[in-house]
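Asks: Starting from these lines, generate the structure:
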Amino acid sequence: MDEFLPDPVIRLRQLVRELTFSQIAPNAAATDREARWPEHSLRVLGDAGLMGLHVPKRLGGHEQGLLALAVLGETIAQGCASSALCYAMHCVGTAVITAKATPYHEDKYLVPIAENRHITTLALSEHGTGAHFYLPQTALELRGDDYIVNGTKQFVTNGGHADSYVISTMTSEQDAGDGDFSCLMVDKDAKGISWRDPWVGLGMRGNSSRAMQLDSVRLPRQNLLGQEGDQIWYTFEVVAPYFLIAMAGAYVGVAQAALDATTRHLKERQYAHSGERLADVPTLQYRLAEMNIAVQKSRGLLYQAAYLGDVGHEQATNTILMAKADAADLAVSVTNDAMTCCGGSAYRENGLLSRLLRDARAAHVMSPTTDILKHWSGRLLLDLPLI
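Replies: Okay, the predicted model is just below:
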């Protein structure tokens, strides 16, 4: 699909592909086995100048949008899905900061990000609201020139490792209505932050997904992103598009990795008694073709969604919802088919396909879930409000 990609994105993808398969993929098994945050992967990407993907060029970044995020996330995930998610969450956080950045935000966050010496991430999810990440209960109080924040964030990717966190809170106004929430920056060394042990999942085990406790955390007013009550705008104009495209890219990458592993196995494996290769078995040829068709279709929808989002097309939102939902279905079905095609050699603990199968399963449960995405998509098709 290179004919649909601009030259800067193709060049970035080539760089990321080389880094992924030479330096990131060799550590993927250990990252999964030890549930270890992929510090090495983030360092490799930073050393290559890739942390400022969404930072404006005038600040030293690449000033890329959703399409680049989709392509790079997919590429990294082909080597290590956890690394792809950690990088993606940094990119989404960067996009949120960039959207309404003040000179203060530019100097304190975006310039260091562009210089590859700062990692940021999102901290939106909460235990009480589950998949409804756009309804934070974290409290915000204005005291003089500072904000005081109290609450708990769940499933913070890069938790305890990032240099800053984009958090969502209620507004400080007592009569705030639905959707009146705020986004603020919290630095890693802010007094009152504590971390719970990492949540170790079935797959995506290197994310360092942790609960972040905020106890009377004092923040200067300039840490507010945009205006109080802007969070609902951030959620659906920035967070949702970038997050969903990033996740869709990662899961298309997982599916592609499973397809590649299956292709290799079918070419290399042969029966000792007859010399027949698995590649010569018609049923497996058929299965492989179906897997490839599914990957190509999902990738096409992903790229279309990212492009529509970048140009601000009126159908962008629903196409992005569909792309993430489809990528989730794709990853689960293709990794499952890959294990069927590769048989007993794939069904072993800590093997490549078992890891990809576990990583893929996260696609349906990470907020917003696939069911919620399809629910929203259906509402838009019926000209109903999204939520």
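Asks: C-alpha only now, for contacts and for neighbours.
Replies: Will do.
Asks: Strands of the chain, residue ranges please.
Replies: Secondary structure of the chain by DSSP state E: the strands cover 120-123, 139-143, 146-156, 164-170, 181-187, 193-195, 210-220, 224-225.
Asks: Can you tell me which of those is most buried?
Replies: Taking mean count of other CA atoms under 10 Å as the contact definition, the stretch among the strands of the chain with the greatest mean neighbour count is strand 120-123, which reaches a mean of 28.
Asks: Does anything pack onto that strand? Which helices or strands?
Replies: helix 81-99, strand 146-156, strand 164-170 (3 or more CA pairs under 8 Å, 6 or more residues apart in numbering; DSSP states H and E).
Asks: Just the C-alphas of that strand, formatted as CSV.
Replies: Output of strand 120-123 as CSV, limited to C-alpha atoms (Å, rounded to 0.1, in the frame of the first residue of the first chain):
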residue,chain,number,x,y,z
THR,A,120,4.7,11.1,28.4
THR,A,121,1.6,9.0,28.6
LEU,A,122,-2.2,9.1,29.3
ALA,A,123,-3.8,8.5,32.7
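Asks: gap between it and the chain center?
Replies: Put simply, strand 120-123 sits 11 Å off its chain's centre (CA atoms, centre = their mean, to the nearest Å).
Asks: mean confidence score for it?
Replies: Mean pLDDT, strand 120-123: 97.
Asks: Test my guess that D326 contacts S298.
Replies: Yes. Using CA atoms under 8 Å, D326 is in contact with S298, at 6.4 Å.
Asks: Name all residues that make contact with S125.
Replies: Contacts for S125 were tallied using CA atoms under 8 Å, 6 or more residues apart in numbering; they are A131, H132, F133, P136, K153, Q154, F155, V156.
Asks: how near is the third one to G378?
Replies: Plainly put, F133 is 20 Å away from G378 if you go by CA to CA, to the nearest Å.
Asks: ok, back up a step: could you dump the strands of the chain into TSV and include distance to L330?
Replies: Below are the strands of the chain laid out as TSV (distance: least, CA to CA, whole Å):
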stretch	distance to L330
strand 120-123	25
strand 139-143	38
strand 146-156	24
strand 164-170	30
strand 181-187	33
strand 193-195	34
strand 210-220	27
strand 224-225	35
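Asks: residues near V96, how many?
Replies: Counted by other CA atoms under 10 Å, the residues lying close to V96 total 22.
Asks: Would you quantify the distance from it to I113?
Replies: As judged by CA to CA, V96 and I113 stand 13 Å apart.
Asks: now swap in R264 and tell me
Replies: Between R264 and I113 the computed distance is 38 Å (CA to CA).
Asks: Looking at these two now, which is surrounded by more residues?
Replies: The neighbour comparison of R264 against I113 (other CA under 10 Å) goes to I113, with 29 against 13.
Asks: In space, what's closest to the more buried one - neighbours in sequence excluded?
Replies: Counting by CA to CA, 6 or more residues apart in numbering, G52 is the residue found nearest to I113 once chain neighbours are left out, at 5.5 Å.
Asks: okay, now that neighbour: neighbour count?
Replies: By other CA under 10 Å, 29 other residues sit near G52.
Asks: now the one 5 residues further on
Replies: Around K57 sit 13 other residues, with neighbours defined as other CA under 10 Å.
Asks: And for the one 4 residues further on?
Replies: For G61, the neighbour count with other CA under 10 Å is 21.
Asks: Next: the one 3 residues further on.
Replies: Other residues near Q64 number 18, with proximity taken as other CA under 10 Å.
Asks: can you check I293 too?
Replies: Neighbouring residues of I293 were enumerated by other CA under 10 Å; the total is 12.
Asks: quick one, what contacts it?
Replies: Applying CA under 8 Å, 6+ apart, we find I293 in contact with no residue.
Asks: confidence score at it?
Replies: In the predicted model, I293 carries a pLDDT score of 99.
Asks: next one: T129
Replies: The per-residue pLDDT reported for T129 equals 75.
Asks: Check S345 too.
Replies: 87.
Asks: still on that earlier bit, with respect to R11, which of the strands of the chain lies nearest?
Replies: The closest approach between R11 and any of these, judged by CA to CA, belongs to strand 120-123 at 24.4 Å.
Asks: picking up where we left off before, want to throw the contacts of S125 into JSON lines with distance to N350?
Replies: As requested, the contacts of S125 are exported to JSON lines (distance: CA to CA, whole Å):
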{"residue": "A131", "distance to N350": "30"}
{"residue": "H132", "distance to N350": "33"}
{"residue": "F133", "distance to N350": "32"}
{"residue": "P136", "distance to N350": "37"}
{"residue": "K153", "distance to N350": "31"}
{"residue": "Q154", "distance to N350": "27"}
{"residue": "F155", "distance to N350": "24"}
{"residue": "V156", "distance to N350": "25"}
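Asks: worst-scoring helix or strand of the protein, pLDDT-wise?
Replies: Among the helices and strands of the chain, helix 231-234 carries the lowest confidence by mean pLDDT, DSSP states H and E, at a mean of 74.
Asks: same question for stretch 7-22, mean pLDDT?
Replies: Taken as a whole, stretch 7-22 has a mean pLDDT of 98.
Asks: How far off centre is that stretch?
Replies: If you compare the mean C-alpha spot of stretch 7-22 with that of the full chain, they lie 18 Å apart, counting by CA atoms, centre = their mean.
Asks: Sweet, I'm off.
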